[in-house]
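Asks: Here is the input, now give the coordinates:
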Amino acid sequence: MIFTYRDIPIYYEVIGSGRPLLTIHGWSPDHRLMKGCLEPVFQTLDAPWQRIYFDLPGMGQTPGASWIDGSDAMLEVVLAFIDGVLPGQQFAIAGESYGGYLARGVVKKRPEQVEGMLLICPVADQSTRLEHAPAFQIIEKDEAFVNSLSEEDQKFFTGINVVQTRRVWQKFKEDVIPGLKLADTEFLEKVLSQHVPYSFDVDKLDAPFAKPSLMVMGRQDHVVGYRDQWNLLENFPRASFVVLDKAGHNMQIEQDVVFHALVREWLERM
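Replies: This next block holds a predicted model:
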């Protein structure tokens, strides 16, 4: 499906019917990352949910644009997408990594519309995320399997995953790599990267967001870390805060069983 905003055709998919859940993937992958980690949960639920998966500009099947030169403009696109696809409706929101940064932007701008929030390895503070994140550390590695991969696949896989096994590779190959290969790297590096931090304080809320929330981080996440996210907690008095061992920036894959249980519990709290 396509929703057009300012001549940008935004690709999206809708699965199921019921209460809406808007999902926002991170920087470089596409909607398949969110679809891959969340759909297994919905296969076990009786409650009806409408899941909305879309590709951010410059990623997946949505082209970038020269005017999207930072997070303010990207958030403008997300809010326009909400107005077009979920006009006047309430919805839950889930964001991964940079998508978690955008999800907090939605909560800041539209708190009355959002019924609950899930943050998966979210960016907390753009200025300190690398400084405060732990060093990259491999926790488990199947040497024979990793060596059997092509040089290109090894480059994709071994630089970010802290659990390097056949199981993790299979899911990473399905959910993450297709988006990485489609991403418009020139747009991401030269256009969107110009103003990554918002021009406003996204975490200075008019009132605490007192609706069911869940933040899940990886203890070995060297991309966004887990320390800065603790500073967000007072904004969300009904949030569960979880840091999982044996998990990096692809925590939702490396610790999928625990992650699915946490997401199910969050959905049931709404």
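
Asks: Least confident secondary structure element in the chain?
Replies: Within the chain, judged by mean pLDDT, DSSP states H and E, the helix or strand with the poorest mean is helix 129-132; its value is a mean of 76.

Asks: That one: how far from the chain's middle?
Replies: Chain-centre distance of helix 129-132: 18 Å, with Cα atoms, centre = their mean, to the nearest Å.

Asks: Please apply the same query to stretch 3-17.
Replies: 17 Å.

Asks: Could you give the average pLDDT over that stretch?
Replies: Model confidence over stretch 3-17, given as mean pLDDT, is 98.

Asks: ditto for stretch 29-44
Replies: Averaging pLDDT along stretch 29-44 yields 98.

Asks: Okay, buried residues for that stretch please.
Replies: The neighbour-count check on stretch 29-44 (16 or more other Cβ atoms under 10 Å) flags 29, 30, 31, 32, 33, 34, 35, 36, 37, 38, 41, 42 as buried. C-beta here means a position set from N, CA and C on the backbone, and glycine is covered the same way.

Asks: wait, what's in contact with residue 117?
Replies: By Cβ atoms under 8 Å, 6 or more residues apart in numbering, the contact list for residue 117 reads 92-95, 103-104, 107, 209, 211, 213-214, 236, 239.

Asks: Could you let me know which of those residues ends up closest to residue 78?
Replies: Ranked by distance to residue 78 (Cβ to Cβ), the contacts of residue 117 are led by residue 103 at 8.6 Å.

Asks: which is the next helix or strand following the helix or strand containing the closest one?
Replies: Taking DSSP states H and E as the criterion, residue 103 maps to helix 98-109. Going down the chain from helix 98-109, the next helix or strand is strand 114-120, by DSSP H and E.

Asks: what is the mean pLDDT for that following strand?
Replies: 99.

Asks: Keeping just the C-alphas, turn that strand into CSV.
Replies: Output of strand 114-120 as CSV, limited to C-alpha atoms (Å, rounded to 0.1, in the frame of the first residue of the first chain):
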residue,chain,number,x,y,z
VAL,A,114,-1.0,7.2,22.0
GLU,A,115,-2.3,4.4,24.1
GLY,A,116,1.0,2.7,24.9
MET,A,117,4.6,2.7,23.8
LEU,A,118,7.2,0.0,23.2
LEU,A,119,10.9,1.0,22.8
ILE,A,120,13.3,-1.6,21.4
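
Asks: circling back to that earlier point, and the helix holding residue 103 with strand 114-120, angle?
Replies: Counting by axes from the mean of the first three to the mean of the last three Cα atoms, to 10 degrees, helix 98-109 lies at 160 degrees to strand 114-120.

Asks: Helix 98-109 packs against which elements?
Replies: strand 19-24, helix 71-85, strand 91-96, strand 114-120 (3 or more Cβ pairs under 8 Å, 6 or more residues apart in numbering; DSSP states H and E).

Asks: Let me see the mean pLDDT of it.
Replies: Averaging pLDDT along helix 98-109 gives 98.

Asks: where's residue 163 relative to residue 218, distance?
Replies: 10 Å (Cβ to Cβ, to the nearest Å).

Asks: Kindly report the same for residue 160.
Replies: For residue 160 relative to residue 218 (Cβ to Cβ), the value is 11 Å.

Asks: repeat for residue 66
Replies: 34 Å.

Asks: again with residue 230
Replies: 14 Å.

Asks: what do you get for residue 268?
Replies: 23 Å.

Asks: any chance of the buried residues of stretch 29-44 in CSV, plus distance to residue 87 and secondary structure?
Replies: CSV is the format used below for the buried residues of stretch 29-44 (distance: Cβ to Cβ, whole Å; DSSP: H, G, I helix; E, B strand; the rest coil):
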residue, distance to residue 87, secondary structure
29, 27, coil
30, 24, coil
31, 21, helix
32, 26, helix
33, 26, helix
34, 22, helix
35, 23, helix
36, 28, helix
37, 27, helix
38, 23, helix
41, 26, helix
42, 23, helix
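
Asks: Brilliant, that's me finished.
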